[in-house]
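[1] need a 3D model of the following:
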Amino acid sequence: MISTNNLTKKFENLIAVNNLNLNINEGEIFGLLGPNGAGKTTTILMLTTLKLPTSGTATINGYDIVKDSDKVRKSIGIVFQDPSSDEILTGYENLKLHGWLYDMPDKLREDRIKEVLELVDLTARKDDLVKKYSGGMRRRLELARGLMHHPKVLFLDEPTLGLDPQSRDYIWSYIEKLAKEEKITIVLTTHYMDEADKLCDRLAIIDYGKIIVLGTPEELKKELGGDIIKLKANNLNIESLKRLNYIKNIAVSDGEVCLTVEDANKHVQDILSIVGKVKSTEIRSPTLDDVFIHYTGRGMRESSPEGGWAEKAMHARIKK
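    The predicted structure follows:
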């Protein structure tokens, strides 16, 4: 459904995306993760036809993002990070407006409004003003609007940012339902590793404009090759730990030392005897956070001070 071939974007002396080769399957929930400035935003902007590549090609639903940009736009839906529905319109009116923008025939538009409202469980609230909706309800309306024109690919930009845990769980269930019942391909960007772990069939971590690792969440966690020991200590001697052959990786992030250790329970006492006095110790199985730190050397911030790629998409379209 999505294919890139040496997709590249340069800004003067900066290579934002560097010969990106990626294939995303039809009906797949695919996560695109990366630190701020890694090239994730530029990749999405090119795939949504809002930035032209410097070189290379990409297709969505069989259409070239440069030569067939109009057909690509008709094939995709976007759910923005921040709510973009009109607060002084009802949920139904927001969906009707979206249908008008895509020039949907009257009967098809009305049938589709009914379908997507039922899909996100908002039929009973369709005639309420959006300003009366909760945060979770607004996100569900955004999902419904993104699906109105039957897109083949849906881009979700931080779909649960700022929501409470219960609302996040609801949105997760709707996203899984969309992929299954609507049979669409979903490209998800998120700063929540538990979200990527829960939803994504596969994911790619991008850094410095390149994909540095790609696979299923379980594959990536298993590739770390051990358990995780996290230590907080003053004047920690990293060099002494590097000499231990059962320690497969050492990463330092936010004042903590994260060790990937074969059979951690067996070796933890030896490690502590070398380290000396520690403030805290944690032993657990690997998570996607550990995978992210292992491959990028830095943690994922929960929010970007620059805003999400969807906000950049909006500005790019206005500028264009």
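
[2] show me the helices in this structure, by range?
    Assigned by DSSP state H, the chain shows helices spanning 40-47, 69-75, 91-101, 106-119, 135-147, 165-177, 193-199, 217-222, 238-242, 264-275, 288-296, 309-319.

[3] ok, of those, where does mean pLDDT dip lowest?
    Set side by side, the helices of the chain give their lowest mean pLDDT on helix 309-319, at a mean of 49.

[4] please name the residues that touch Phe155.
    With contact taken as C-beta atoms under 8 Å, 6 or more residues apart in numbering, Phe155 is in contact with 44, 47-48, 76-79, 186-187, 189, 310. All C-beta spots, glycine's among them, are computed from the backbone N, C-alpha and C.

[5] can you tell me the centre-most residue of this structure?
    The chain has Thr189 as the residue nearest its centroid, 1.6 Å off, counting by C-alpha atoms, centre = their mean.

[6] isn't it right next to Leu33, touching?
    Yes - using C-beta atoms under 8 Å, Thr189 makes contact with Leu33 at a distance of 7.3 Å.

[7] domains in this protein, by residue range?
    The chain breaks down by automatic domain parsing into domains covering 2-216+301-319, 225-285.

[8] ok, Leu156 to Arg109 distance?
    23 Å (C-beta to C-beta, to the nearest Å).

[9] what's the answer for Leu259, then?
    57 Å.

[10] settle it for me: which of these two has more neighbours?
    Neighbour count, other C-beta atoms under 10 Å: between Leu259 and Arg109, Leu259 has more, with 24 against 19.

[11] what bridges to the residue nearest to the centre of the chain?
    When bridges are called by DSSP bridges, Thr189 pairs up with Asp157.

[12] that one: what's it in contact with?
    Thr189 neighbours (C-beta under 8 Å, 6+ apart): 31-33, 40, 44, 155-158, 308-309.

[13] tell me who's in contact with the closest residue to Lys10 other than its chain neighbours.
    Distance criterion C-beta to C-beta, 6 or more residues apart in numbering; nearest residue to Lys10, sequence neighbours excluded, is Thr54 at 4.6 Å. Neighbouring residues of Thr54 by C-beta under 8 Å, 6+ apart: 8-10.

[14] let's have those residues in TSV, adding distance to Glu93 and neighbour count.
    Conversion of the contacts of Thr54 to TSV gives the following (distance: C-beta to C-beta, whole Å; neighbours: other C-beta atoms under 10 Å):
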residue	distance to Glu93	neighbour count
Thr8	42	18
Lys9	38	22
Lys10	43	15
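
[15] closest one of these to Tyr102?
    Distance to Tyr102, by C-beta to C-beta, is smallest for Lys9 among these, at 28.1 Å.

[16] show the end-to-end separation of stretch 42-52, please.
    End-to-end distance for stretch 42-52: 10 Å, by C-alpha to C-alpha, to the nearest Å.

[17] buried set for that stretch?
    42-51 (16 or more other C-beta atoms under 10 Å).

[18] how close does the residue nearest to Lys10 get to Lys67?
    Going from Thr54 to Lys67 by C-beta to C-beta gives 16 Å.

[19] how about Pro151?
    Distance, Pro151 to Lys67, using C-beta to C-beta: 20 Å.

[20] these two: who's more crowded?
    A direct count of neighbours by other C-beta under 10 Å for Pro151 and Lys67 places Pro151 higher, at 21 against 10.

[21] ok, that one - contacts?
    74-77, 184.

[22] what's the closest of those to Cys200?
    Closest approach to Cys200 among these (C-beta to C-beta): Ile184, at 14.8 Å.

[23] how about that closest one: what's its closest non-neighbour residue?
    Closest to Ile184 by C-beta to C-beta, 6+ apart is Leu154, at 5.4 Å.

[24] export the contacts of Phe155 as TSV, with columns for distance to Lys279.
    Formatted as TSV, the contacts of Phe155 follow (distance: C-beta to C-beta, whole Å):
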residue	distance to Lys279
Ile44	40
Leu47	44
Thr48	46
Ile76	48
Gly77	48
Ile78	44
Val79	41
Ile186	41
Val187	40
Thr189	34
Ala310	40
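
[25] return the member of the residues you listed nearest to Glu218.
    The shortest approach to Glu218 among these belongs to Ile186, at 18.9 Å (C-beta to C-beta).

[26] how close does the nearest residue to that closest one once chain neighbours are set aside sit to Arg140?
    Distances taken as C-beta to C-beta, 6+ apart place Ile29 nearest to Ile186, at 4.6 Å, with adjacent residues excluded. Distance, Ile29 to Arg140, by C-beta to C-beta: 17 Å.

[27] sounds good, over and out.
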